[in-house]
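Student: Take this sequence and fold it.
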Amino acid sequence: MPHYFIALAAVTLATVSIICSYFQYRKGNFRISALFLVLAALFLRLYMASDQYLHEWDERYHALVAKNMLDNFFLPKLYKLPLLTYNYRDWSSGYIWLHKQPLPLWCMALSMKLFGVNEFALRLPSVLISTFAVYLTYFIGKKLFGQKIGLLAAFFHAINGLVLEMTGGRVATDHVDVFFLFFVELAVVFTIVYSARRQMIFNVLTGICIGSAVLCKWLPAFVVVPIWLALNYNRLNFIENLKGLTVIIVSAFVVFMPWQIYCHTNFPLEYANEMGHNYRHITEVLDGNTGGVFYFVDKLFITLNEFIWIALFCFCFKLYKGDRVPQRLALWFWAALPFLFFTIAKTKMQGYLLFTYPALFIILAGFCDLLLIRNDSSIKQILQRLVFAIVVGLSIRFSIERIKPLQDQSAQIYWANELRNMEDKTGKKVYFNVKHCIEGMFYTNSIMYGFTPSPEQIEELKLKGYEVIINQNPKL
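Tutor: Residues are numbered from 1 along each chain as shown. I've put the predicted structure just below:
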């Protein structure tokens, strides 16, 4: 079936679900309304995960390492065998692969173990947690500001184009940032529940989620700590605050430190190199990912909504006026601290702020709620409704642009199928001059390289019992 038929079906089902959500909201069935939004999110994410080829950055690398983890979950490898000399400092062509933390890769590997080595199984964990994250956004928005804002925020989350692209692996940082968003958001949920119930178990769960987020994408996960302080500082005495924070931090370290110790012990050179690489993001431009001081200002206009900065101004004005200060301060920390940090950092990518988007969806929903307030002046009310319709329309427009329902995928499907046909049952073929060598090793059990070998390398491989094949197809 052509992919644009699948896209049409997904968009139609999502639209019907959103309409049903609206009518359930009008009836006062808020939870059912939220579940319809989650269903709409699922339809869109299933479509985004249906591409029959691996995407270039960074999904193909995550896919290959996850596949190789099927042999050993604690041995992350890019190349299954290091047949040739490699540079351990080069994450795109080395052997032991520690360029990303392991939790998303483990989930991908487990999914492929259950459902086979294919693109959909690879993406299924991201589809599931990205869908569930929509409900988490509803929960957070509802608990902090009420049902209407929670539902509007969940709507913005369900259809956001960048989140959809990340879930489908179509753009850089892909599944890793989807997992990171989910665990940070889940930690915020447990923080909110703790602030209401005062049971220490929820601090333990908050810490576990922070630790899990670190195992997805490192230390920015600790943004949850100031969020916790904002919601609890004035409600607890100093000792209770200290006890709660200690439980959270210890729980987080118990989750993420064993992997760090294991890697430092077993792969010291690779681990030291990757830790250094992490911190170089702050002081250097890596892999050409640069941008000026207004990089993220511009990105939020085109990845979230053109009205987001007006919404942020209104949000900060209400914070200044003292309206629900703990809740607004928590969201401010969630959105502003990562924004400031990554603006200062030299290396910049649009996905770096993805884990702040639930807070921004809630802030945008709060702005829309202001627009829906009834006024005595009918003209003013009409203008407010018009602006609300524009805000929603811009989010829908951006969603459709990122879904790309009419995109021609024939070239990508061609080379993916040709690579699948290069399956080597003997395990003794080594291909060279393969443009899509990383994808090729995902689709087959062969070893593939993207360069032409030297005579010495050919002789070395033949002595090891391998057949050397030089690819002549420029499309592969």
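
Student: Residues in contact with stretch 91-106: which ones?
Tutor: Stretch 91-106 is contacted by residues 61-62, 65-66, 69, 73, 75-79, 82, 86-88, 125-126, 175-176, 178-179, 212, 214-218, 256, 259, 263, 267, 270-271, 274, 277 when judged by CB atoms under 8 Å, 6 or more residues apart in numbering. C-beta here means a position set from N, CA and C on the backbone, and glycine is covered the same way.

Student: Could you tell me which residues make contact with the nearest residue to Cys437 once chain neighbours are set aside?
Tutor: Closest residue to Cys437 apart from its sequence neighbours, by CB to CB, 6 or more residues apart in numbering: Met448 at 3.8 Å. The contact partners of Met448, by CB under 8 Å, 6+ apart, come to 430-432, 434, 437-438, 440-441.

Student: one more time with 6 Å
Tutor: 431, 434, 437, 440-441 (CB atoms under 6 Å, 6 or more residues apart in numbering).

Student: Identify the bridge partners of it.
Tutor: Beta-bridge partners of Met448, counted by DSSP bridges, are Tyr431.

Student: From Asn433, how far off is it?
Tutor: 9 Å (CB to CB, to the nearest Å).

Student: do Gly94 as well
Tutor: Distance, Gly94 to Asn433, by CB to CB: 20 Å.

Student: before we move on, what about Asn232?
Tutor: 59 Å.

Student: Quick one: low-confidence residue ranges for the protein.
Tutor: 1-2, 376 (pLDDT under 70).

Student: What are the boundaries of the strands in it?
Tutor: Assigned by DSSP state E, the chain shows strands spanning 429-432, 447-448, 467-470.

Student: Which of these sits closest to Val293?
Tutor: Checking the strands of the chain against Val293 by CB to CB gives strand 447-448 as the closest, at 41.2 Å.

Student: Just give me how far the closest one sits from the chain centre.
Tutor: From the chain centre to the centre of strand 447-448 is a distance of 29 Å (CA atoms, centre = their mean, to the nearest Å).

Student: Identify the residues contacting stretch 322-331?
Tutor: 144, 227, 230-231, 319, 359.

Student: List only those of the contacts of stretch 91-106 flagged as buried.
Tutor: The neighbour-count test (16 or more other CB atoms under 10 Å) marks 61-62, 65-66, 69, 76-79, 88, 125-126, 175-176, 178-179, 212, 214-218, 256, 259, 263, 267, 270-271, 274, 277 as buried among these.

Student: so what's Glu284 up against?
Tutor: Glu284 neighbours (CB under 6 Å, 6+ apart): Lys346.

Student: Sorry, wrong one. I was asking about Val193.
Tutor: The contact partners of Val193, by CB under 6 Å, 6+ apart, come to Phe202.

Student: would you turn the contacts of stretch 322-331 into TSV with distance to Gly292 and neighbour count?
Tutor: Output for the contacts of stretch 322-331, formatted as TSV (distance: CB to CB, whole Å; neighbours: other CB atoms under 10 Å):
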residue	distance to Gly292	neighbour count
Leu144	33	22
Ile227	28	24
Ala230	30	21
Leu231	34	22
Leu319	28	16
Ala359	24	28
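
Student: Switch the residues you listed over to TSV; also include distance to Lys113.
Tutor: Formatted as TSV, the contacts of stretch 322-331 follow (distance: CB to CB, whole Å):
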residue	distance to Lys113
Leu144	39
Ile227	35
Ala230	41
Leu231	39
Leu319	47
Ala359	35
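
Student: Could you give me the buried positions within stretch 17-34?
Tutor: By neighbour count on 16+ other CB under 10 Å, the buried set for stretch 17-34 is 17-18, 20-21, 24-25, 30, 33-34.

Student: ok, now stretch 383-403?
Tutor: Within stretch 383-403, the residues scored as buried using 16+ other CB under 10 Å are 384, 387-388, 391-392, 394-395, 398-399, 402-403.

Student: Distance from that stretch to the middle of the chain?
Tutor: That offset, for stretch 383-403, works out to 23 Å (CA atoms, centre = their mean).

Student: quick one: contacts of it?
Tutor: Taking contacts as CB under 6 Å, 6+ apart, the residues outside stretch 383-403 that touch it are 156, 159, 161, 164-165, 305-307, 368, 371.

Student: Tell me which residue is most central in this structure.
Tutor: Residue closest to the average C-alpha location in the chain (CA atoms, centre = their mean): Val178, at 1.9 Å.

Student: Spatially nearest residue to it, not counting backbone neighbours?
Tutor: Nearest to Val178 is Ser126, by CB to CB, 6+ apart, at 4.6 Å.

Student: all helices of the stretch 251-400 of the chain, in order?
Tutor: 268-283, 295-303, 308-320, 325-344, 357-371, 378-403 (DSSP state H, counting those that start in this stretch).

Student: nearest to Lys462, of those?
Tutor: Nearest of the helices of the stretch 251-400 of the chain (CB to CB): helix 268-283, 29.0 Å.

Student: Which positions within the closest one qualify as buried?
Tutor: Using 16+ other CB under 10 Å as the burial criterion, the residues of helix 268-283 that qualify are 270-271, 273-274, 277, 281.

Student: Now do that helix: distance to the chain's middle.
Tutor: How far helix 268-283 lies from its chain's middle: 21 Å, per CA atoms, centre = their mean.

Student: Check what contacts stretch 211-225 and list those residues.
Tutor: 101, 103-104, 176, 179-180, 183-184, 187, 210, 252, 255-256, 337-338.

Student: of all these, which comes closest to Leu300?
Tutor: Set against Leu300, the nearest of the contacts of stretch 211-225 by CB to CB is Pro338 (12.0 Å).

Student: mind listing what the residue lying closest to that closest one once chain neighbours are set aside touches?
Tutor: Closest residue in space to Pro338, ignoring its immediate chain neighbours: Thr356 at 5.1 Å, by CB to CB, 6+ apart. By CB under 6 Å, 6+ apart, Thr356 lies in contact with 334-335, 338.
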